[in-house]
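Colleague: A predicted structure for the sequence below; I have some questions about it.
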Amino acid sequence: MSEESTGGAPAPEADENRRQVLYWRLLARLFDPEEQASLESASLAVVEDIGLPSALLDPGASVDSVVQRHPELAAEFDGLMTPEPDEDGTRDRAAEVRRAALASKVLLNVFASGSGAVTAEQLARWQSDAGWLERALGCRPGELRGGRGGGVQRTGGGGGVSPTGTGGGGRTPDLGRLIPEIGPELGSIEAGLVKRMRLREVLADPALASRLTPSMSLIEQLLRDKDNLSGVALANAKALIRRYVDEVSQVLRSQVEKATVGDIDRSVPPKRVFRNLDLDRTIWKNLTNWSPEEERLYVDRLYYRHTSRKTTPQRLIVVVDQSGSMVDSMVNCTILASIFAGLPKVDVHLIAYDTQALDLTPWSHDPFETLLRTKLGGGTDGTVAMALAQPKIAEPRNTVVVWISDFYEWRTDELFDSMAAIHRSGAKFIPVGSVTSGGRGSVNPWFRERFKDLGTPVISGHIKKLVHELKTFLT
């Protein structure tokens, strides 16, 4: 084909045509599950011609099953999509066709996740195929989805090769440039599969549950269904929630840097210990005692640095709407409250509400325990939370009230009047729209306009905005 020409112009090379056929079939199957007969037959001819098994074109066959029948292909999947450039700078077009066939298999299995109900077996197969994709990108299975390596080793006869294999042993590719945001996309697909299946079936299998990637959608399902779980399933659910809480806490804690609190209090004598010794000032003040003959400085007084600071205990009252639309905010803000609870001189109180209010202050230092005590869903009645919050404002000037909600309330006028009263009392009132890690926000326009007129505009969107406001007031 490459040696023929039409109308005097050289035809494309045969290998280039083959590669294009494979990628056109991939695109066609990704956007339409129905087979395109011409593309299927052409792709089959290409695969057989280059000596690869026809099972690569079977969308029902997992990469695991293909590799178990053809173990020699396992090594080809490692770093498949991050090949080393040829030393002489030339392109091996035959090798590109072979890589296209293998890459099409793993990409189709991962990104064509179908629709409808999903069984535990199908989820396990998708997780295995995703592991092979991560190997193809030069990473360890599970590394892109949840920042963790390793996986569940499989056992069985026939000398099969597990996707945990030896992947990720090569150079680390710049995946941010190669395929932007592929990690979150894989996590999103996995969360969608979990949402389409019976979650309790997965949680009852420790091996399968350990391979789930914690995500906000998964945590939402676990929090909604936790009262119906028991035994192994409940233990696995708690482990997944704990993993997610720890991951988010690590990110938020880096944003809440401890700053110095208050000015130096010089009315308090400095503590006379070596670490507080002000050596420069001591030398300067004793220079009159310098002996030129002996070349020695006699010190008759030591000077120490003042380290005591003027601090006023601050009270942080966080009120969070736990209705079904506020799951993301509930998780983020309970974690944030626990971080501020660890700061000196900050007294944190946490209240969650829907149509009833729950004082979670005793567990505010532990977001995991806090989330286990929440009950998602229901309507929204902020007046019940206000009844718990108002008595906690003992010293308005040293109190900040953070109210996190989308403000779609039943008794709007009554609640807004109470919030305005808190603001007029001298306490700092911070209304916050539904805050998320991704920056999405939603707020009732009626409340938004009135908060703006009150001089306390709603903070909405990324949680970093709330972190900044709290640090400004509390430190």
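Modeller: Now that the structure is in, tell me what you want to look at. Just so we're clear, the structure is a prediction, and the values are computed from it rather than from any experiment. Numbering: from 1, shown residues only.
Colleague: where does pLDDT dip in the stretch 351-475 of the chain?
Modeller: By pLDDT under 70, the low-scoring segments of the stretch 351-475 of the chain are 375-379, 434-442, 460-475.
Colleague: ranges for the helices of it?
Modeller: With DSSP state H, counting those that start in this stretch as the criterion, the stretch 351-475 of the chain has helices at 367-372, 382-389, 412-424, 445-454, 463-474.
Colleague: and of those, who's closest to residue 193?
Modeller: Smallest distance to residue 193 across the helices of the stretch 351-475 of the chain (CB to CB): 23.2 Å, for helix 367-372. From N, CA and C alone the C-beta is placed, and that goes for glycine too.
Colleague: CA-only coordinates of that closest one in PDB, if you can.
Modeller: Coordinates of each C-alpha in helix 367-372 appear next as PDB, following Å, rounded to 0.1, in the frame of the first residue of the first chain:
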ATOM      1  CA  PRO A 367     -13.500  14.300  62.300                       C
ATOM      2  CA  PHE A 368     -13.800  10.500  61.800                       C
ATOM      3  CA  GLU A 369     -15.900  10.100  65.000                       C
ATOM      4  CA  THR A 370     -17.800  13.300  64.000                       C
ATOM      5  CA  LEU A 371     -18.800  12.000  60.600                       C
ATOM      6  CA  LEU A 372     -19.900   8.700  62.100                       C
END
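Colleague: helices and strands around it, which ones?
Modeller: Helices and strands touching helix 367-372, by 3 or more CB pairs under 8 Å, 6 or more residues apart in numbering; DSSP states H and E, are helix 231-255, helix 327-341.
Colleague: just put the helices of the stretch 351-475 of the chain in CSV and tack on distance to residue 97 and mean neighbour count.
Modeller: Formatted as CSV, the helices of the stretch 351-475 of the chain follow (distance: least, CB to CB, whole Å; neighbours: other CB atoms under 10 Å):
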stretch, distance to residue 97, mean neighbour count
helix 367-372, 51, 22
helix 382-389, 63, 20
helix 412-424, 65, 16
helix 445-454, 57, 15
helix 463-474, 47, 18
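Colleague: to residue 276, which of those helices lies closest?
Modeller: Closest to residue 276 of those is helix 463-474 (CB to CB; 26.0 Å).
Colleague: and the helices of the stretch 351-475 of the chain: which comes nearest residue 80?
Modeller: Residue 80 lies closest to helix 463-474 among the helices of the stretch 351-475 of the chain, at 37.4 Å (CB to CB).
Colleague: what's near enough to touch residue 221?
Modeller: For residue 221, the contact set (CB atoms under 8 Å, 6 or more residues apart in numbering) comprises 194, 195, 199.
Colleague: pLDDT-wise, which helix or strand of the protein ranks last?
Modeller: strand 9-10 (a mean of 37; mean pLDDT, DSSP states H and E).
Colleague: can you give me the buried ones in the helix or strand following that strand?
Modeller: Counting by DSSP states H and E, the next helix or strand C-terminal to strand 9-10 is helix 14-31. By neighbour count on 16 or more other CB atoms under 10 Å, the buried set for helix 14-31 is 14, 15, 16, 17, 18, 19, 21, 22, 25, 26, 28, 29.
Colleague: mind putting these in TSV, pLDDT included?
Modeller: Putting the buried residues of helix 14-31 into TSV (pLDDT from 0 to 100) gives the following:
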residue	pLDDT
14	81
15	80
16	84
17	85
18	86
19	85
21	87
22	88
25	87
26	85
28	85
29	84
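Colleague: as CSV, the helices of the stretch 351-475 of the chain with distance to residue 119 would be great.
Modeller: Below are the helices of the stretch 351-475 of the chain laid out as CSV (distance: least, CB to CB, whole Å):
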stretch, distance to residue 119
helix 367-372, 28
helix 382-389, 42
helix 412-424, 46
helix 445-454, 44
helix 463-474, 36
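Colleague: tell me which of these lies nearest to residue 137.
Modeller: Comparing the helices of the stretch 351-475 of the chain by CB to CB, helix 463-474 comes nearest, at 29.3 Å.
Colleague: residue 68 versus the closest residue to residue 64 other than its chain neighbours, what's the distance?
Modeller: Setting aside the residues directly before and after it, residue 64 is nearest to residue 128 in space (CB to CB, 6 or more residues apart in numbering), at 5.0 Å. Noted for residue 128: a distance of 11 Å to residue 68, by CB to CB, to the nearest Å.
Colleague: compare these two (neighbour count), which wins?
Modeller: residue 128 (22 against 19; other CB atoms under 10 Å).
Colleague: part of a helix, is that one?
Modeller: Yes: counting by DSSP: H, G, I helix; E, B strand; the rest coil, residue 128 is located in a helix.
Colleague: go ahead and confirm it touches residue 63.
Modeller: Yes: with contacts defined as CB atoms under 8 Å, residue 128 counts as touching residue 63 at a distance of 7.0 Å.
Colleague: before we move on, the earlier item: dump the contacts of residue 221 to TSV, plus distance to residue 78.
Modeller: Converted to TSV, the contacts of residue 221 look like this (distance: CB to CB, whole Å):
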residue	distance to residue 78
194	28
195	31
199	33
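Colleague: of those residues, keep whichever come out buried.
Modeller: If we count by 16+ other CB under 10 Å, these have these buried: 194, 199.
Colleague: in CSV, list the contacts of residue 221 along with secondary structure, pLDDT and distance to residue 44.
Modeller: Shown next, in CSV, are the contacts of residue 221 (DSSP: H, G, I helix; E, B strand; the rest coil; pLDDT from 0 to 100; distance: CB to CB, whole Å):
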residue, secondary structure, pLDDT, distance to residue 44
194, helix, 70, 34
195, helix, 70, 35
199, helix, 73, 38
